[in-house]
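> What follows is a predicted protein model with its sequence.
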Amino acid sequence: MKNSHTDANAVVDVCLLAGKIMLQSGAETYRVEDTMMRIAASYGMEHSHSFVMPTGIIFSIDGLDPTKLVRITDRSTDLHKVAVVNSISRKISAGELTIKDAHQQFKQIETAHEVYPIWFQILAAALASGCFLIMFQGQWHDFFYAVIAGGLGYTCMVYFHDLVKIKFFAEFLASFVIGMTSFLFIWAGFGLELDKIIIGSVMPLVPGLLITNAVRDLMAGHLVSSLSKGAEAFLTAFAIGAGIAISIGFSF
């Protein structure tokens, strides 16, 4: 009985660690729950239950203690980690990994910081801003100005988020900077279309993954997670819109 209890604890720990990594990396709620339950079933725990929210995970196994809770405080977008966790879960389902090996691999993924450097992220956001301007039928003449405004806005968002740990405030200030920069280009006679420059520049800030996950969770029946992610996406969009509106109000 003692060995069974120990094994159950190990299985719960592995499942929670896998779920935590996926949820922190931007995975959908139903994908997190499905992965955790498949891992538990692969280790002989057929009757497991999970309750996943954007801010926490509760996981338990029928008839065995304890039920465990993990809090999620930081969330970002790292789809590579989601793919790696899915790959490991498939190996577990195929019987290729022991509990100890799986836990060790998940720990390595959790502590890994395989992200692009900040300068590269800013460069990518800047180039994406120019490409979005062209996609929204802007003129090539404004491409360079959208690149500058988008890169400056993303830089401000990263800086303000490190300075004040309030995501919506950082996005508001970043969009305000984008609006003011775009207006200055038009006012100085360099840019041609203010609306296209602004639209292209704010696109890297738009919460596309949040909106997608909210809709997918809603379709999968996870109403609590869907509504909370939808509310977060709405607040982010509101912060971006408010920053642009205020910047234009100051300009005129």
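Nice, thanks for sending it over. Residues are numbered from 1 along each chain as shown.

> Now do the helices in the chain.
Ranges of helices in the chain, per DSSP state H, are 2-24, 29-42, 79-93, 99-111, 118-135, 143-163, 167-187, 194-202, 208-219, 223-251.

> least reliable of those helices going by mean pLDDT?
With a mean of 80, helix 2-24 has the lowest mean pLDDT of the helices of the chain.

> Next, the buried residues of it.
Going by neighbour count (16 or more other Cβ atoms under 10 Å), the buried part of helix 2-24 is 8, 10-24. C-beta coordinates here come from the backbone N, C-alpha and C atoms, glycine included.

> Tell me which two of those residues sit farthest apart.
Greatest spatial distance among the buried residues of helix 2-24 (Cβ to Cβ): 8 and 24, at 24.4 Å.

> residues in contact with the longest strand seen in the chain?
The longest strand of the chain (DSSP state E) is strand 64-71. The contact list for strand 64-71, computed with Cβ atoms under 8 Å, 6 or more residues apart in numbering, reads 4-5, 8-9, 12-13, 16, 19-20, 45, 55-60.

> Please repeat the previous calculation with a cut-off of 6 Å.
Contact partners of strand 64-71, identified using Cβ atoms under 6 Å, 6 or more residues apart in numbering, comprise 8, 12, 16, 20, 56-60.

> Please apply the same query to stretch 48-56.
Stretch 48-56 is contacted by residues 29, 32-33, 36-37, 40, 58-61, 71-72, 224-225, 228 when judged by Cβ under 6 Å, 6+ apart.

> mind giving me the domain ranges of this protein?
Domain ranges of the chain: 2-111, 118-251, per automatic domain parsing.

> how many neighbours does residue 188 have?
9 (other Cβ atoms under 10 Å).

> cool, residue 207 as well?
Residue 207 has 21 nearby residues by other Cβ under 10 Å.

> I'd say it and residue 231 touch.
No. If you go by Cβ atoms under 6 Å, residue 207 and residue 231 don't touch, sitting 11.1 Å apart.

> Measure how buried residue 100 is and give me the count.
Using other Cβ under 10 Å, residue 100 is surrounded by 10 other residues.
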